[in-house]
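S.K.: sequence and computational prediction follow.
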Amino acid sequence: PMGLFLGTIIVTIIYVLANIAYLCLLPLKGDYRVPDADTYGLGMQFAVKARVGAAAISVVFGKSAELLMAGLIVVSTFGCNNGLILAGSRLFQSMAKDGLFFKKAGDLNNKGVPATSLVIQGIWAAVLCLSGSYNDLLEYSTFASLLFYIITIAGIFILRKKEPNTERPYKAFAYPVVPALYIIITLAICIDLLYFKPLFTGIGLGIVALGIPVYYLTKKKAT
């Protein structure tokens, strides 16, 4: 638990400091219509090619530093993907066990790995990559992801009420203040997304909503 707590604090501090650095180095708004606009001229708003991190470091160390930062971002992304890939395949496996996904996806190989789930996940990830619209995919998924985060944290309150005597090796820090604060802040972000990016948010919600009839159909078939 202490490792989780300290790790979260350290990552949060680094993240906040990085964003402060971006705000100090780059203007919020830029103008992409200016011919041959440099990184500073594009600002954070249009730092698409180099990304904000690479654009910020280029202001300090020059254009050549963009490649170095881009490489570091790629390495960091691979590290993040490692956890997402592991979690995603286990999600498919659990769904298969509940009769909500292909039965084969629930099988483990001789190493205890859900190989079929990993293959399915890899194929779907490749299809999404070939779409060439990473930014759009991110916009679609952000709102839905935040909603599921809220539901997950709300589950803490529900479980505490329904199963008060259950043994809990790890308890939420400063319960109920911190979980409630998280839900409030995340809801505020969701409202912000609904107001400023209704199109992307609506599409994302529509994609998630498509899963509702599929869930009930597969559940009915399983029973």
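M.R.: Structure received.

S.K.: low-scoring stretches of this protein, by residue?
M.R.: 1, 28-50, 132, 222-223 (pLDDT under 70).

S.K.: longest single helix anywhere in it?
M.R.: Assignment by DSSP state H gives helix 64-97 as the longest helix of the chain.

S.K.: tell me the angle the next helix or strand after that helix makes with helix 64-97.
M.R.: Following the chain from helix 64-97 toward its C-terminal end, the next helix or strand by DSSP states H and E is helix 115-130. If you take axes from the mean of the first three to the mean of the last three C-alpha atoms, to 10 degrees, helix 115-130 sits at 140 degrees to helix 64-97.

S.K.: elements contacting helix 115-130?
M.R.: In terms of contacts (3 or more C-beta pairs under 8 Å, 6 or more residues apart in numbering; DSSP states H and E), helix 115-130 is packed against helix 64-97. C-beta here means a position set from N, CA and C on the backbone, and glycine is covered the same way.

S.K.: could you list the buried residues of the helix it packs on?
M.R.: Neighbour-count burial for helix 64-97 flags 66, 69-70, 88-89, 92-93, 95-96 (criterion: 16 or more other C-beta atoms under 10 Å).

S.K.: what separates Val74 from Ser64, distance-wise?
M.R.: 17 Å (C-beta to C-beta, to the nearest Å).

S.K.: ignore the last one, Ile153
M.R.: Ile153 is 43 Å from Ser64, by C-beta to C-beta.

S.K.: and if you look at Asp136?
M.R.: For Asp136, the distance to Ser64 - C-beta to C-beta - is 30 Å.

S.K.: next, count neighbours for the nearest residue to Phe200 once chain neighbours are set aside.
M.R.: The spatially closest residue to Phe200, leaving aside those adjacent along the chain, is Glu139, at 3.8 Å (C-beta to C-beta, 6 or more residues apart in numbering). For Glu139, the number of neighbouring residues by other C-beta atoms under 10 Å comes to 17.

S.K.: isn't Glu139 right up against Phe196?
M.R.: No: look at Glu139 against Phe196 with C-beta atoms under 8 Å: they stay out of range, at 11.0 Å.

S.K.: quick one, domains of the chain?
M.R.: 1-62, 82-130, 132-223 (automatic domain parsing).

S.K.: thinking again about what came up before, is the residue nearest to Phe200 within a helix or a strand, and which one?
M.R.: helix 134-162.

S.K.: could you do Thr166 as well?
M.R.: Short version, using DSSP H and E: Thr166 is in no helix or strand.

S.K.: okay, now it: neighbour count?
M.R.: 8.

S.K.: is it true that it touches Leu159?
M.R.: Yes: counting by C-beta under 8 Å, Leu159 is a contact partner of Thr166 at 7.3 Å.

S.K.: list the buried residues of the helix or strand Gly7 falls within.
M.R.: Using DSSP H and E, Gly7 falls within helix 2-25. Using 16+ other C-beta under 10 Å as the test for burial, helix 2-25 gives 22, 25.

S.K.: extract the C-alpha trace of that helix and format it as PDB.
M.R.: Output of helix 2-25 as PDB, limited to C-alpha atoms (Å, rounded to 0.1, in the frame of the first residue of the first chain):
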ATOM      1  CA  MET A   2       2.800   2.500   0.800                       C
ATOM      2  CA  GLY A   3       4.400   1.800  -2.600                       C
ATOM      3  CA  LEU A   4       1.100   2.500  -4.300                       C
ATOM      4  CA  PHE A   5       0.600   5.700  -2.300                       C
ATOM      5  CA  LEU A   6       4.100   7.000  -2.900                       C
ATOM      6  CA  GLY A   7       4.100   6.000  -6.500                       C
ATOM      7  CA  THR A   8       0.900   7.900  -7.100                       C
ATOM      8  CA  ILE A   9       2.200  11.000  -5.400                       C
ATOM      9  CA  ILE A  10       5.400  11.000  -7.300                       C
ATOM     10  CA  VAL A  11       3.700  10.500 -10.700                       C
ATOM     11  CA  THR A  12       1.200  13.200  -9.900                       C
ATOM     12  CA  ILE A  13       4.000  15.700  -8.900                       C
ATOM     13  CA  ILE A  14       6.000  14.900 -12.100                       C
ATOM     14  CA  TYR A  15       2.800  15.300 -14.200                       C
ATOM     15  CA  VAL A  16       1.900  18.600 -12.700                       C
ATOM     16  CA  LEU A  17       5.500  20.000 -13.000                       C
ATOM     17  CA  ALA A  18       5.600  18.900 -16.600                       C
ATOM     18  CA  ASN A  19       2.400  20.700 -17.400                       C
ATOM     19  CA  ILE A  20       3.700  23.800 -15.600                       C
ATOM     20  CA  ALA A  21       6.800  23.700 -17.800                       C
ATOM     21  CA  TYR A  22       4.700  23.400 -21.000                       C
ATOM     22  CA  LEU A  23       2.600  26.400 -19.900                       C
ATOM     23  CA  CYS A  24       5.800  28.500 -19.200                       C
ATOM     24  CA  LEU A  25       7.500  27.500 -22.500                       C
END
